[in-house]
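>>> Could you look at this predicted model? Sequence included:
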Amino acid sequence: MADLFGNDPSQQAKASAAPREDAPLADRLRPRTLDEVIGQEHLTGPQGAIGRMVAAGKLSSMVLWGPPGTGKTSTARLLADAVGMRFISVSAVFSGVADLKKAFAEADKMAGVGQKTLLFVDEIHRFNRAQQDGFLPFVERGTVTLVGATTENPSFELNAALLSRAQVLILNRLDAAALEKLLARAEELEGPLPLDDAARDALIGSADGDGRFLLNQAETLYNAQINTPLDPAGLGTFLQRRVSVYDKDRDGHYNLISALHKSLRGSDPQAALYYMARMLVAGEEPLYVLRRLVRFASEDVGLADPQALIQCLAAKDAYEFLGSPEGELAIVQACLYLATAPKSNTAYAAQKSAWKSARETGSLLPPQNILNAPTKLMKDVGYGKGYAYDHDTEEGFSGDNYWPKEMEPQTYYTPVERGFERKVKERIAYWEKLRAERKDA
């Protein structure tokens, strides 16, 4: 009798057992051996981490990290078969603490008769921190070999203690060649797809690296019993295009905003526009994108082009005035302006340096000559005495010392020879020349 995990405690069934004839196409095409896993040869091949562990006959706990439809579950099942381990699968979506305790108790019992257990935890990132900690003693004792699967960055979603006991293995998004192999396997089983060559390429492109999605779409085509091959336009009207994989509070969000920021910094307007489009098309809040553009205008353009900040704030106003989709053109304009503007991070660097000095010398009093003296007592003790009013000089520059007497003058801001900052640099050099001349006089 099977337990709540779908496992037979008395005699573990093979993880790669043949599926039912009426099972979905993706299940019927699941690989039966690790050699049949498509697109992950860097892990499953003879020189890969999984290939080496299987060859040695001993598995370490691991976390399989990769996009949907890349073979994480299939790989875990086949690992158990490859080394003769008992396979138990739980899902963090449906399982709780009681389920895990039952799984660990069964694993302890089977260990007593010499049968090791591979515990596969799907979507392991959905377990909270306390539940993740619950795995640790059983992994350390060797009660189970843990294989977790996640689509999220383990650095953010998994406890450091758990990560220190498990090797993170990254599964690749399936490329066009890998997806073509999947379609070829489907056609060996079900016959040719009703598609011309261009539509076939379009179907592969629509999968966005997800093998399961591709096979589900292929199954829809088979079930429709289409007699005349479809062209791309016909395919587009028949199938709904896959929704972009983009969780606004998870890894995809941070990956794309990082790609946008670095494309802007690298002065590539085409790539910047692509990544911004990816975010907005997938449903990102336009005002979030605008906030990042405003930040970029100060951090990476700065005084090399002071208009950059004004452009971004104007784009925010335009978007709030027009809304979507009309207002999104203003966001595009701001993005292109930033990508093509001269770049300087000197304001950003100056801020960090000045903040550091402020923390280290925050109690020093400014020199008395630049302090206001609103009372007679303050005048009597020297506040404001000897202040040089810059506008009274011929150059509008007194060259006075504005630093606390216990502190040497510092240089936080060093403009670059780009854009507007070239002029700023000339002004600072002129003032430094005047200051030196008056000091020597």
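Perfect, I can see it now.
>>> Pro68 contacts Leu214, correct?
No. Contact criterion Cβ atoms under 8 Å: Pro68 and Leu214 do not qualify, at 11.3 Å. For every residue, glycine as well, the C-beta is placed using N, CA and C.
>>> Looking only at neighbour counts, state which of these two leads.
Between Pro68 and Leu214, counting by other Cβ atoms under 10 Å, Leu214 is the more crowded of the two (25 against 14).
>>> what about that one, which helix or strand?
Counting by DSSP states H and E, the element that carries Leu214 is helix 211-224.
>>> CA atoms only: put that helix into PDB for me.
This file holds the C-alpha atoms of helix 211-224, laid out as PDB (Å, rounded to 0.1, in the frame of the first residue of the first chain):
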ATOM      1  CA  GLY A 211      10.700  21.800 -22.100                       C
ATOM      2  CA  ARG A 212       7.500  20.900 -20.300                       C
ATOM      3  CA  PHE A 213       5.700  23.900 -21.800                       C
ATOM      4  CA  LEU A 214       6.900  22.900 -25.300                       C
ATOM      5  CA  LEU A 215       5.600  19.300 -25.000                       C
ATOM      6  CA  ASN A 216       2.300  20.500 -23.600                       C
ATOM      7  CA  GLN A 217       1.900  22.800 -26.600                       C
ATOM      8  CA  ALA A 218       2.800  19.900 -28.900                       C
ATOM      9  CA  GLU A 219       0.200  17.700 -27.300                       C
ATOM     10  CA  THR A 220      -2.400  20.400 -27.800                       C
ATOM     11  CA  LEU A 221      -1.500  20.300 -31.500                       C
ATOM     12  CA  TYR A 222      -1.800  16.500 -31.700                       C
ATOM     13  CA  ASN A 223      -5.100  16.500 -29.900                       C
ATOM     14  CA  ALA A 224      -6.600  19.000 -32.400                       C
END
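>>> List the contacts of stretch 289-309.
Identification of contacts with stretch 289-309 by Cβ atoms under 8 Å, 6 or more residues apart in numbering yields 257, 260-261, 264-265, 276, 279-280, 311-313, 315-316, 319, 331, 334-335, 337-338, 341-348, 415-416, 418-421, 424.
>>> Quick one: distance of that stretch to the chain centre.
Centroid separation between stretch 289-309 and its chain, computed with Cα atoms, centre = their mean, to the nearest Å, is 22 Å.
>>> The longest helix anywhere in the chain: which residues count as buried?
For the chain, the helix with the greatest residue count under DSSP state H is helix 421-440. For helix 421-440, the neighbour count (16 or more other Cβ atoms under 10 Å) marks 421, 424-425, 435 as buried.
>>> for stretch 310-321, same thing?
For stretch 310-321, by 16+ other Cβ under 10 Å, it's 311-312, 315-316, 318-319.
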